[in-house]
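Asker: I'd like to go over a predicted model; first the sequence, then the structure.
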Amino acid sequence: MCGTAITEINETQFNDTVLKANRSVLVEFVANWCGPCRLISPTMESLTQEYEDRLTVTKVDHDANPRLIEEYKVYELPTLIHFKNGQEVPESRRESAITKVKLKDYVDALLESISIS
């Protein structure tokens, strides 16, 4: 497979990569020990390639970035949060594993909602 891989970022990169981005960013909060995170990893990689022209996908390691975990109140893994114009998009948060079909529906709905607004 060719294309874009998910970029892992940390607390020091979050501001520039997510909050100052000039496009939509989907942030996946994960941990190496998290079974559901590993389960959806191939789906997230596929999604990143499919939507690379409209969406940036990044991941944040839960254990290595406690300030972000606290700031964004990440209580379950994996957690997906969509950001646009430096803000968390209301109602965009998804927690726990998700099938590829549901993940695609979720992203399509997010992208449709931000193109309308």
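Answerer: Yep, it's here. Numbers count the residues shown, from 1 in each chain.

Asker: burial measure for Asn85, as a count.
Answerer: 12 (other C-beta atoms under 10 Å). Every C-beta, even on glycine, is put in place using the N, C-alpha and C of the backbone.

Asker: Contacts only, for it.
Answerer: The neighbourhood of Asn85, defined by C-beta atoms under 8 Å, 6 or more residues apart in numbering, contains no residues.

Asker: at 10 Å instead, please
Answerer: Applying C-beta atoms under 10 Å, 6 or more residues apart in numbering, we find Asn85 in contact with 19-24, 114.

Asker: same question, Thr17
Answerer: Taking C-beta under 10 Å, 6+ apart as the test, what Thr17 contacts is 7, 9-10, 25, 27, 56, 58, 60, 83.

Asker: ok, now with 6 Å
Answerer: For Thr17, the contacting residues are 9, 58, by C-beta atoms under 6 Å, 6 or more residues apart in numbering.

Asker: how about it, secondary structure?
Answerer: helix (DSSP: H, G, I helix; E, B strand; the rest coil).
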